[in-house]
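Peer 1: Structure here, sequence nowhere to be found:
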């Protein structure tokens, strides 16, 4: 039990062979556990004077401990253990730290920010209340996941108009409802591209000139660091990061140009009932400006013609237009003009932890609303072979089959020792469009056995025999049999 009060600077040693107890380090950390001690006394029906006599301390000293005016010392803790035989974990700093962690997780969606000091006070002085809050949050989260799983099984149309919970999810729904194609912005980008006389690999210089002549804005390099774009209205200067490649700098300049020249159009597009609050609308305006920037660098008609001529070869298209792998993939997922459609793609970006930070779809491919995804998606294997283009023919439980293309992209911080960012990008289309893609070469697209069986996410996946399952399916009982073990985790009863 003595380890409960060990810190990086102190450690308690109990009496041994007649020697007095001692502490290593400069001082013992003061531990205030007054509420817990008072609860212990009340549970045993003791008055303060009775507990003080049992512990061999004065009543006034016990009262000061219970009021957190004096710390609970190790000798007093030892006397509590000797007198009542209780589990000293009740007074453990480890238990307090765990409660603080769980409370912070449970209160992330609180109506207002809660300071760490208040959370620590709650965990230290009212642990039973803290555990109750944690239990209520877990119950609410479980109910939410069950509801979302039901919605996922019933289909997107059933929940259409219901509104996503978080503002960034509402923005995703806005683009999803438009099949990731915003025609007014595409038209505006094509008009500007022609009017300004832009051409592949010459957009960067053209944007600098347009900002200068039309808006009196000078473009300057910012200090190296985290800021990619910063506009100063007072000096009419647009700062862009020198750490960005030229195509990335052009994207940032085009985004700022969208706010300057298309503000009214962006406001009208962001005035959508899917977006239920000011934060969602602000995020939508940024997303729409980014859409325009991509459309300006890669104008619809020219880009579609080049994509079809190059059999949708992402790296060739990147070299031709002077932009990166991710930008090309994102733009390919938007080519859904009614009179000139490209291949309908879905697009996702994930990190090493499996978090999906971007997802767009012009297809019927369904992303789970319940969190997580399928570990058999090829996009996760891309981290094992960085920089290499990987392919996969994959089939969903309902029989829909897709061709996937995946590759990692890396963004360095520009200095030694500073963390960069590594993502895996994936682009996919229905198998019926696969012959148009260079990436289908070598696959027997008619052989159903060539497809990897995948799902949306483990919690809603119907593949009961999948050995890669990470969670049991929501709403289905697990066949728990102590006399039988199977290769499949969480076998369904």
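Peer 2: Okay, I see it. Only a predicted model underlies this, so the values are computations on that prediction, with no experimental measurement involved.
Peer 1: pLDDT below threshold where in the stretch 151-300 of the chain?
Peer 2: 151-165 (pLDDT under 70).
Peer 1: Sketch out the helices for it, chain order is fine.
Peer 2: 156-159, 167-177, 183-195, 203-215, 246-261, 263-270, 278-297, 300-309 (DSSP state H, counting those that start in this stretch).
Peer 1: Distance to residue 377 and mean neighbour count added to these, as CSV?
Peer 2: C-betas here are computed from N, CA, C, even on glycine. Shown next, in CSV, are the helices of the stretch 151-300 of the chain (distance: least, CB to CB, whole Å; neighbours: other CB atoms under 10 Å):
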stretch, distance to residue 377, mean neighbour count
helix 156-159, 20, 12
helix 167-177, 18, 19
helix 183-195, 29, 17
helix 203-215, 33, 17
helix 246-261, 27, 21
helix 263-270, 31, 16
helix 278-297, 24, 20
helix 300-309, 23, 17
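Peer 1: mind putting the ones you listed in a markdown table, distance to residue 50 included?
Peer 2: Supplementary listing: these in a markdown table, determined by distance: least, CB to CB, whole Å:
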| stretch | distance to residue 50 |
| --- | --- |
| helix 156-159 | 60 |
| helix 167-177 | 56 |
| helix 183-195 | 76 |
| helix 203-215 | 80 |
| helix 246-261 | 71 |
| helix 263-270 | 67 |
| helix 278-297 | 56 |
| helix 300-309 | 83 |
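Peer 1: Tell me which of those lies nearest to residue 475.
Peer 2: Closest of the helices of the stretch 151-300 of the chain to residue 475 is helix 156-159, at 15.9 Å (criterion: CB to CB).
Peer 1: With respect to residue 490, which of the helices of the stretch 151-300 of the chain lies nearest?
Peer 2: helix 156-159 (26.0 Å).
Peer 1: nearest to residue 60, of the helices of the stretch 151-300 of the chain?
Peer 2: Taking CB to CB, helix 278-297 is the member of those nearest to residue 60, at 53.5 Å.
Peer 1: For the closest one, name the packing helices and strands.
Peer 2: helix 167-177, helix 183-195, helix 246-261, helix 263-270, helix 325-332 (3 or more CB pairs under 8 Å, 6 or more residues apart in numbering; DSSP states H and E).
Peer 1: Output these as JSON lines; include the columns distance to residue 46.
Peer 2: Listed next are those as JSON lines, based on distance: least, CB to CB, whole Å:
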{"stretch": "helix 167-177", "distance to residue 46": "52"}
{"stretch": "helix 183-195", "distance to residue 46": "73"}
{"stretch": "helix 246-261", "distance to residue 46": "68"}
{"stretch": "helix 263-270", "distance to residue 46": "64"}
{"stretch": "helix 325-332", "distance to residue 46": "66"}
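Peer 1: Centroid-nearest residue for the protein?
Peer 2: In the chain, the residue lying closest to the centroid (CA atoms, centre = their mean) is residue 355, at 4.9 Å.
Peer 1: Report the buried residues of stretch 307-322.
Peer 2: Buried residues in stretch 307-322, counted by 16 or more other CB atoms under 10 Å: 307, 312-314, 316-318, 320-322.
Peer 1: and it, how far out from the chain's middle?
Peer 2: Here stretch 307-322 is found 30 Å from its chain centre; the criterion is CA atoms, centre = their mean, to the nearest Å.
Peer 1: repeat for stretch 452-459
Peer 2: 19 Å.
Peer 1: and if you look at stretch 297-311?
Peer 2: Worked out by CA atoms, centre = their mean, stretch 297-311 lies 32 Å from the chain centre.
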